[in-house]
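Asker: with the sequence up front, the predicted model follows.
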Amino acid sequence: FSSQAKGFGTQKKTASYTVTEEALTNFLKSKKANIQNVDIGIDSNGQRGLFAAKTFGKSDALICKIPSDIALALLDPQKVASSDEGNVAEYGHSFYRQYYTKPDDWWKDYLQSLPSRIIETSTTPNLWSDSEIDLLEFPRLVQQAKKRRDQIEELARKENIPLDDLKLATWLVTSRAFLIPIADDNQETVYDDRGQVITKTATRVLPVMVPFIDIANHSSNPNAKLTLLDPEKDEAFFCLTSTRPIPKGTEITIGYGSGVASSVELLLNYGFVAPGNQLDRFMLKKGGDDCLALASDWTTSLEDDQTMLKLLNENPEERNDVLRQILSFRIQLKESYSTEE
Ligand SMILES: C[S@@+](CC[C@H](N)C(=O)[O-])C[C@H]1O[C@@H](n2cnc3c(N)ncnc32)[C@H](O)[C@@H]1O
């Protein structure tokens, strides 16, 4: 963010992370967070992540607990978005306005633990050029990326804030906030033919930044999930809970985006593609106008893309992170078409 502001903007530009985890953990402990069974470390991909400091022997074990009053709500709960496809620029703006431009003592240690600039290897497509976005070819992703980019540009103009600040804020929010479903009196209730409630679709969500828990990385086969403890009481908690036994030293992972994110959602919000994501098969099977129905609908073959990615990886001095992300996306989707057809 702007150089005159405290927090992010004044951090060293050479490191993606300012190493202030100690300040963060001291702050959390002083606020009665329970984080003693979790370590912050670096995983095999070089990503900062959370690791089990003891063995969690069964599923549903409490891993850590963060009081909800130290989480950052990004919109006024009275004005929550009608779906998770809300205007992400507004989420970014809410973060920028409510928290970042007022980095008082309360939020300082958390804000300083966040990436101080957009990480090149995890940019989201709304930050790319038109021609780069077009290379993604998948209609829904191309449309969403351009829509988000336009929303950010429009809001920065309207609110008269530096475009780069809103870009960073929006990137931080889409890649880190949890979308918490909000009880909604008008929510749609669906009954079966005996009149029993079968689904109650929560249509409103509140984006919330949860310190510490937002360090957990994504896995398509996660060993933990986010839970909300005592939401009705004055003292509510955001928790990580195990979904199976976790041996000491193992990375603690969750499934981003309610655990049902296809490569489109992962790239759009978090800037990465998870190889072998099974949800892509379901997405392609479901089809629709916003999908490419067949592997042959793409302009290049799977083999073409694999060859290009191989060439790119063989030339590490050819640093082109966006092209690497584009090819990884295209390869992952092409590998997900059913081979029976
Ligand atoms: C909520 S943060 C997770 C923690 C982050 N590593 C940190 O140090 O703060 C989300 C970001 O982590 C990275 N990430 C998480 N899971 C990943 C994965 N499975 N593969 C690649 N990058 C991942 C991406 O950069 C993503 O935008």
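Answerer: Received, thanks. From a predicted model like this one, the values you see are computed outputs, not experimental measurements.

Asker: need the nearest residue in space to Trp107, chain neighbours excluded.
Answerer: The spatial neighbour of Trp107 that comes closest, neighbours along the chain excluded (Cβ to Cβ, 6 or more residues apart in numbering), is Tyr99 at 5.5 Å. For every residue, glycine as well, the C-beta is placed using N, CA and C.

Asker: so what's the residue count around that neighbour?
Answerer: Other residues within reach of Tyr99, judged by other Cβ atoms under 10 Å, total 20.

Asker: phi first, then psi, for it.
Answerer: The phi/psi pair for Tyr99 (degrees, to the nearest 10) reads phi -120, psi -50.

Asker: need the contact list for it.
Answerer: When contacts are counted by Cβ atoms under 8 Å, 6 or more residues apart in numbering, Tyr99 is found next to Leu72, Trp107, Leu111.

Asker: tell me who's in contact with Lys58.
Answerer: Ser242, Pro245.

Asker: cool, and Ala274?
Answerer: Residues counted as contacts of Ala274 (Cβ under 8 Å, 6+ apart) are His218, Ser219, Ser220, Ser263, Leu266, Gln332.

Asker: from the ligand, how far off is it?
Answerer: With distances defined as Cβ to the nearest ligand atom, to the nearest Å, the gap from Ala274 to the ligand amounts to 5 Å.

Asker: got phi/psi on that residue?
Answerer: According to degrees, to the nearest 10, Ala274 has phi -100, psi 110.

Asker: so where does Glu153 fall, helix or strand?
Answerer: Following DSSP states H and E, one finds Glu153 within helix 139-159.

Asker: do Leu284 as well
Answerer: Using DSSP H and E, Leu284 sits in helix 279-286.

Asker: mean confidence score for that helix?
Answerer: In this model, helix 279-286 has an average pLDDT of 92.

Asker: now stretch 324-331
Answerer: Averaging pLDDT along stretch 324-331 yields 97.

Asker: list the buried residues of it.
Answerer: Burial within stretch 324-331, assessed by neighbour count using 16 or more other Cβ atoms under 10 Å, is assigned to Arg324, Gln325, Ile326, Leu327, Ser328, Phe329, Arg330, Ile331.

Asker: give me the subset of those that lies in helices.
Answerer: Among these, the ones falling in helices (DSSP state H) are Arg324, Gln325, Ile326, Leu327, Ser328, Phe329, Arg330, Ile331.

Asker: touching, the fourth one and Thr307? I think so.
Answerer: The one in question is Leu327. No: in this structure, Leu327 is not within contact of Thr307 by Cβ atoms under 8 Å, at 9.7 Å.

Asker: mind checking the SS state of the residue most central in space within the chain?
Answerer: Ranked by distance to the mean C-alpha position of the chain (Cα atoms, centre = their mean), the top residue is Ser175 at 3.1 Å. Under the three-state scheme (DSSP: H, G, I helix; E, B strand; the rest coil), the conformation of Ser175 reads as helix.

Asker: hmm, it is touching Gly271, no?
Answerer: Yes: contact between Ser175 and Gly271 holds when scored by Cβ under 8 Å: they sit 6.4 Å apart.

Asker: need the residues touching each of those two.
Answerer: Common neighbours of Ser175 and Gly271 are listed as Ser122, Thr124 (criterion: Cβ under 8 Å, 6+ apart).

Asker: who in the stretch 201-341 of the chain is up against the ligand?
Answerer: Asp214, Ile215, Asn217, His218, Tyr270, Gly271, Phe272, Ala274 (Cβ under 6 Å from any ligand atom).

Asker: want to throw those into CSV with secondary structure?
Answerer: Formatted as CSV, the entries for those read as follows, by three-state DSSP:
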residue, secondary structure
Asp214, helix
Ile215, helix
Asn217, strand
His218, strand
Tyr270, helix
Gly271, coil
Phe272, coil
Ala274, coil
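
Asker: quick check, pLDDT for Gly271.
Answerer: Confidence at Gly271, expressed as pLDDT, is 97.

Asker: hang on, the earlier thing: excluding covalently adjacent residues, which one is nearest to the residue nearest to the centre of the chain?
Answerer: Nearest non-adjacent residue to Ser175, counting by Cβ to Cβ, 6+ apart: Tyr270, 4.8 Å away.

Asker: ok and the helix holding Glu153 relative to helix 279-286, angle-wise?
Answerer: Regarding helix 139-159 and helix 279-286, their directions subtend 110 degrees when assessed with axes from the mean of the first three to the mean of the last three Cα atoms, to 10 degrees.

Asker: residues in contact with helix 139-159?
Answerer: 87-90, 92-93, 124-128, 130, 133-134, 136, 162-163, 165-167, 170, 264, 267-268, 289-292, 329.

Asker: show the buried residues in these.
Answerer: Applying a neighbour-count criterion of 16+ other Cβ under 10 Å, the buried members of these are 87-90, 92-93, 124-128, 133, 136, 165-167, 170, 264, 267-268, 291-292, 329.
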